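Undergrad: Sequence and predicted model, in that order:
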Amino acid sequence: MTSGLTIIIADDHPLFRGAMRQALASMDGSPTIIEAGDFTSARQAAIDNVSADLMLLDLTMPGVSGLSGLIALRAEFQSLPVMIVSAHDDPATIQRALELGASGFLSKSAGIDEIRQGIDTVMAGDIFTPPGFHAGMEHEPEMAALLHRLQTLTPQQSRVLGMLAEGLLNKQIAYELGVSEATIKAHVSAILLKLNVDSRTQAVIQLGKIAAVAA
């Protein structure tokens, strides 16, 4: 299943990236590996490699924190499967990652065989989770409601929200996305409505709650 694959490893620890590269190199087909040490580099790798088959994404790295990085990538690169690889492998984090569009979840303690199985599972179009994990419902009502509201955002609205969190102004976001400032204002209004908040600051705070889950 790994023959001819292109896989992006996004993790800020060079030793872990090296270990993951070695593990993947031993798989059938020796997939092409692209490394990224921060979120900006991970995003650029996805831009530069539009035919990439999979991104392995750490939850905590420079430029992003927690599940907000997953939200941003899923919004911008909808055809790129993203598998979370993290030491934060508690059931709540795994569940929330899946609800926000992750194609799977690997614990950083996983062995080579589990890594191989996880990638093969995702490449076959299925969802991979660590052994013993059982999908369920979010048990914290406030977080469940927030996840639901975030899921109602369109891909473009999710991108705008991420840029708001970076502190960009409407005109800067408009320039980055190649649209008018009026369009961005409309997106911001829709975001506030969907997240049930009154200001940009409150919207960013809501996103920060997701970021803090696995920080």
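TA: In hand now; what should we look at?

Undergrad: Residue ranges in the protein under the pLDDT threshold?
TA: Scanning the chain with the threshold set as pLDDT under 70 gives 1-3, 65, 136-139, 211-215.

Undergrad: Check the secondary structure at the most centrally placed residue in the chain for me.
TA: Centre of the chain computed as the mean C-alpha position; nearest residue by CA atoms, centre = their mean is Leu70, 1.5 Å away. At Leu70, secondary structure determined by DSSP: H, G, I helix; E, B strand; the rest coil is helix.

Undergrad: how far away is it from Ala102?
TA: Applying CB to CB, to the nearest Å, the value for Leu70 to Ala102 is 6 Å. Every residue, glycine included, has its C-beta placed from N, CA and C.

Undergrad: Overlap of the contact sets of those two?
TA: 82, 84 (CB atoms under 8 Å, 6 or more residues apart in numbering).

Undergrad: where along this structure do the helices fall?
TA: Ranges of helices in the chain, per DSSP state H, are 14-25, 39-48, 68-76, 91-99, 112-123, 141-151, 155-165, 170-177, 181-195, 200-211.

Undergrad: Out of these, which gets nearest to Thr6?
TA: Closest of these to Thr6 is helix 39-48, at 9.8 Å (criterion: CB to CB).

Undergrad: quick one on the thing from earlier: could you find the closest non-adjacent residue to the residue nearest to the centre of the chain?
TA: Using CB to CB, 6 or more residues apart in numbering and skipping residues adjacent in sequence, the residue nearest Leu70 is Leu100, 5.4 Å away.
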